[in-house]
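>>> missing the sequence, but the structure's below:
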């Protein structure tokens, strides 16, 4: 019997590394940056990243704009379609990202969520 072929994730890991490097280069070194998996990263931009003088949760439009610009740069320079999610915490950022897939930019604040 033929043995199953092993799948190589080397290209995927290399693409992931290049995307993370591009994102990391666009934020100051003091901003928290966490790689959660080889296709997911969390970071906490401060007002200097958004260039508005306001924190992320006070200026979600600026955060969306930063994400859209970074998304366009990734596509232009690397050819990859990525999705961004913005929120004041990881849960809301993840939900925003999931809702924006594929190749979108989503944003949620805690005030945007309502339960019936």
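Happy to help now that I have it. Every value quoted in this text rests on a predicted model; they were computed, and no experiment measured them.

>>> Against which helices or strands is the longest helix seen in the chain packed?
Longest helix in the chain, counting residues (DSSP state H): helix 60-78. Using 3 or more CB pairs under 8 Å, 6 or more residues apart in numbering; DSSP states H and E, the elements in contact with helix 60-78 are helix 10-25, helix 47-50, strand 84-86, strand 105-107. Glycine gets a C-beta too; all of them are placed from N, C-alpha and C.

>>> Could you rerun that using 6 Å?
Packing partners of helix 60-78 (3 or more CB pairs under 6 Å, 6 or more residues apart in numbering; DSSP states H and E): helix 10-25, strand 84-86, strand 105-107.

>>> Can you lay out the ones you listed as JSON lines showing distance to residue 45 and mean neighbour count?
Shown next, in JSON lines, are the helices and strands packed on helix 60-78 (distance: least, CB to CB, whole Å; neighbours: other CB atoms under 10 Å):
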{"stretch": "helix 10-25", "distance to residue 45": "10", "mean neighbour count": "13"}
{"stretch": "strand 84-86", "distance to residue 45": "9", "mean neighbour count": "23"}
{"stretch": "strand 105-107", "distance to residue 45": "13", "mean neighbour count": "21"}
